[in-house]
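S.K.: Pasting a predicted model and its sequence here:
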Amino acid sequence: MSTDVRGESGAATRADVPGSARRIPALDGLRAFAVAAVMLFHTASVPLQGGFLGVDVFFVLSGFLITGLLRREGLARGHIALAGFWLRRARRLAPPLLLVLLAVAIARLAVPQVDAAVWRGEILSALTYTTNWFQILTGGDYFAEFGRQSPLVHTWSLAIEEQFYLGFAVLFALVGIRWPTRRFVLLVGVLIVVSAASMAYASGAGAQSWAYYGTVPRVQALLFGALLALVLPHVGDRPGVVGRVPPGVVGSMGLVGLTVAFIRPPSTEAMFRGGFLLAAVMAGMVIYGILGSPALSRLLSWRPLVGLGLISYGVYLWHWPVFLWLQGSRGDARLSLQMWSMVVTIMFALASYVLLERPIRFGRFSRLRPSRQWLVYACAAGLIAAFVMQPARHLPDSDDLDWPATQSVPRQIFAGGDSTMLSLAVAFPTDQYPETHLAGETPMGCGLVGAPFVQNGATIDQERCSGWQDRWRLAVASQTPDVAVIGSGVWDLFDRAGPSGAIPPGEPGFDEPFVAAFREAASLASDGGRLPVFVLGVPCMASLNDQAVLNDRSRVDTVNALIRAGISDMPDVHYVDLTGLTCLADGSALVKKDGRVIRDDGVHWTPSGARLVWAHILQKITEVDQG
């Protein structure tokens with residue numbers, strides 16, 4: 001998320017809106033509103049379940065203001081100087097990002113770790129504005145990704161914005177300044193529909209990672225901001241519904257709607273099927289209100305908000321690395337520590353703004369020849385790349401686990417289940433067993449039961465998750481594994497939706513389809529009884545979301561009893577108990593074990609946590625094989 005696409009004056013100005021050059025501090029207030037939501041989304045004690053939508057607010061702002069810049073230049077010059085446009089974007093956005101990347105690259109060398117290769121990929125992808133594609137290729141999930149302790153996962157949004165700056169600027173230069181406004185508006189509208197439809201399709205096909213991180217699905221909010229910039233100058237000229245409704249009313253409705261969505265967003269399925277576009281529309285409503293309503297503008301021009309908005313780009317860049325550094329395990333972090341993390345984040349961002357960003361944008365550097373400015377950026381990027389390519393230190397205890405002998409570990413492992421199984425699969429200890437290959441079917445957002453479930457009082461249809469049986473058969477047949485490991489520990493825990501209401505564990509309407517699904521999964525994974533199958537029990541969890549369900553120890557114990565009973569008569573199917581790794585005596589969940597942070601989000605495994613679990617699973621496989 002690049003939060004600031006203002007003109008070179010350093011503040012949002014009416015120059016960004018055709019026809020005026022007056023400063024609009026309220027847009028900085030809207031930035032502050034958005035970045036605060038993102039920080040609270042990443043904070044355990046005051047979670048905003050929809051705070052991730054703050055990124056979409058920034059997307060709309062970016063599309064709106066960038067299009068205003070391009071439109072003014074096109075009107076004034078008759079063409080778009082793309083090289084100059086991109087250089088101004090680099091001068092605004094690159095220096096603070098390079099500083100953060102340098103800090104993370106140095107930390108990668110200074111701090112012993114078990115995931116040095118992952119850090120290297122994350123830094124290089126952030127450096128090249130391809131983090132979103134890196135997350136897609138590595139199976140990233142933003143809603144759980146902070147559990148991997150990735151200090152740069154949040155740079156996925158910067159990548160999408162930079163890709164938009166490249167593509168949309170070219171489109172505007174070739175078409176936008178030549179076509180009539182009405183025709184170009186129609187084209188942008190079509191692109192918005194295509195983007196939103198691609199998100200819904202990808203989600204329905206089980207490709208949540210692509211739906212969330214993909215450039216095409218996520219560009220809809222940026223395009224809506226662009227549409228807003230093209231249409232707003234003409235709203236007053238044409239009577240219509242929007243023109244007749246007072247801007248203050250429209251803007252207030254958008255602000256209230258965003259606030260509600262930040263606190264309690266629709267279901268994940270609903271978000272992918274129009275929810276993100278609705279959030280963009282509400283952000284656009286606020287911008288419209290700011291431009292036309294003095295009252296709303298004054299509300300969002302409160303000086304502390306404006307101040308935070310001015311440095312919001314730096315706040316966004318620094319907040320997640322700082323949160324990981326100071327809080328470590330967010331699941332049991334104290335409120336005072338979380339507040340201190342926010343203070344330190346703002347201090348870093350303020351220092352970056354005063355000592356780096358403003359001098360580069362308005363000092364002598366900005367008057368250097370463009371070739372020299374690009375050379376400086378290239379040298380800085382080269383320095384960071386040099387740090388990244390250095391070998392990192394590993395944790396001294398990374399190999400102190402009780403690993404089975406290499407010759408006793410299967411060479412081919414099938415992994416099946418939901419995103420908790422995915423977080424295990426991507427962190428398989430290949431350093432210990434380089435000849436072992438692991439593959440399978442681990443879609444995010446899908447359990448094994450398949451029937452509709454109840455989440456926050458709403459019935460969630462699992463239709464998009466249907467057909468997993470055929471995909472498992474294909475995966476097992478193509479992989480020819482030696483053993484199968486399956487686990488599904490999130491969506492199958494929710495009450496099932498019945499004709500008369502929610503059906504909890506312990507009732508036939510829950511228990512019977514649950515047991516049937518796990519038996520079917522074990523049968524498919526066994527390839528007709530040919531393979532030994534190891535079914536993971538549901539661990540104790542400390543989730544930040546859906547706490548009443550996922551963190552309920554009695555519910556977890558009940559479903560584990562169902563799993564054990566369901567597979568007890570199946571030959572060569574074994575239950576792997578994770579209670580000792582994840583549960584305290586009082587029933588609460590472990591977040592750290594033996595000095596390792598095993599699950600920062602309380603659900604999905606960190607790389608170090610996955611190693612702990614794999615050591616346990618492989619020991620169980622070895623015991624059964626030798627027995």
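M.R.: Yep, that arrived. Numbers count the residues shown, from 1 in each chain.

S.K.: Sticking with the nearest residue to residue 298 once chain neighbours are set aside, tell me its helix or strand.
M.R.: Closest residue in space to residue 298, ignoring its immediate chain neighbours: residue 26 at 7.7 Å, by Cβ to Cβ, 6 or more residues apart in numbering. For the C-beta atoms, the positions are set from N, CA and C on the backbone; glycine is no exception. Taking DSSP states H and E as the definition, residue 26 sits inside helix 25-41.

S.K.: The residue nearest to residue 298: neighbouring residues, count only.
M.R.: 27 (other Cβ atoms under 10 Å).

S.K.: Next one: it from residue 309, what distance?
M.R.: Remark: distance between residue 26 and residue 309 (Cβ to Cβ, to the nearest Å) = 9 Å.

S.K.: Same check on residue 388?
M.R.: 32 Å.

S.K.: the more surrounded of the two?
M.R.: residue 309 (29 against 20).

S.K.: the inter-axis angle of the strand or helix carrying that one versus helix 25-41?
M.R.: For residue 309, the element it lies in under DSSP H and E is helix 303-310. Here the directions of helix 303-310 and helix 25-41 differ by 80 degrees (axes from the mean of the first three to the mean of the last three Cα atoms, to 10 degrees).

S.K.: Contacts made by helix 303-310 with the rest, please.
M.R.: Here helix 303-310 makes contact (Cβ atoms under 8 Å, 6 or more residues apart in numbering) with 4, 10-11, 25-33, 35-36, 315, 346, 353.

S.K.: what number of residues lie near the residue nearest to residue 405 when sequence neighbours are not counted?
M.R.: In space, residue 405 comes closest to residue 622 once its chain neighbours are excluded; the distance is 7.9 Å by Cβ to Cβ, 6+ apart. Other residues lying near residue 622 total 16 when counted by other Cβ under 10 Å.

S.K.: before we move on, the earlier item: which strands or helices does the helix holding residue 26 pack on?
M.R.: For helix 25-41, the elements it packs on are helix 54-77, helix 276-292, helix 294-299, helix 303-310, helix 312-327, judged by 3 or more Cβ pairs under 8 Å, 6 or more residues apart in numbering; DSSP states H and E.

S.K.: and that helix, which residues are buried?
M.R.: Using 16 or more other Cβ atoms under 10 Å as the test for burial, helix 25-41 gives 25-41.

S.K.: now stretch 612-627
M.R.: Buried residues in stretch 612-627, counting neighbours by 16+ other Cβ under 10 Å, are found at 612-622.

S.K.: What mean pLDDT does it get?
M.R.: Per-residue pLDDT over stretch 612-627 has a mean of 89.

S.K.: Grab the nearest non-local neighbour of residue 424.
M.R.: Residue nearest to residue 424 in three dimensions, not counting chain neighbours: residue 610, with 5.1 Å by Cβ to Cβ, 6+ apart.

S.K.: which residues are contacting the host helix or strand of that neighbour?
M.R.: According to DSSP H and E, residue 610 maps onto helix 607-626. With contacts defined as Cβ under 8 Å, 6+ apart, helix 607-626 is touched by 114-115, 118, 148-149, 395, 398, 401-405, 408-410, 423-424, 426-429, 483, 485, 532, 534, 536, 574, 576, 578, 581, 593-594, 596-599, 605.

S.K.: and with 7 Å instead?
M.R.: 114-115, 118, 148, 401-404, 408-410, 423-424, 427-429, 483, 485, 532, 534, 574, 576, 578, 581, 593, 596-599, 605 (Cβ atoms under 7 Å, 6 or more residues apart in numbering).

S.K.: Mark which of the residues you listed are buried, thanks.
M.R.: Buried residues within the contacts of helix 607-626, counting neighbours by 16+ other Cβ under 10 Å: 114-115, 118, 148, 401, 403-404, 409-410, 423-424, 427-429, 483, 485, 532, 534, 576, 578, 581, 596-599, 605.

S.K.: Quick one: mark the members of those residues that sit in strands.
M.R.: Residues of these located in strands (DSSP state E): 483, 485, 534, 576, 596-597.

S.K.: Where does confidence bottom out across those residues?
M.R.: Scoring those by pLDDT puts residue 596 last, at 71.

S.K.: picking that back up, switch the helices and strands packed on helix 25-41 over to a markdown table; also include distance to residue 127 and mean pLDDT.
M.R.: Conversion of the helices and strands packed on helix 25-41 to a markdown table gives the following (distance: least, Cβ to Cβ, whole Å; pLDDT from 0 to 100):
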| stretch | distance to residue 127 | mean pLDDT |
| --- | --- | --- |
| helix 54-77 | 20 | 93 |
| helix 276-292 | 27 | 95 |
| helix 294-299 | 38 | 93 |
| helix 303-310 | 25 | 95 |
| helix 312-327 | 13 | 90 |
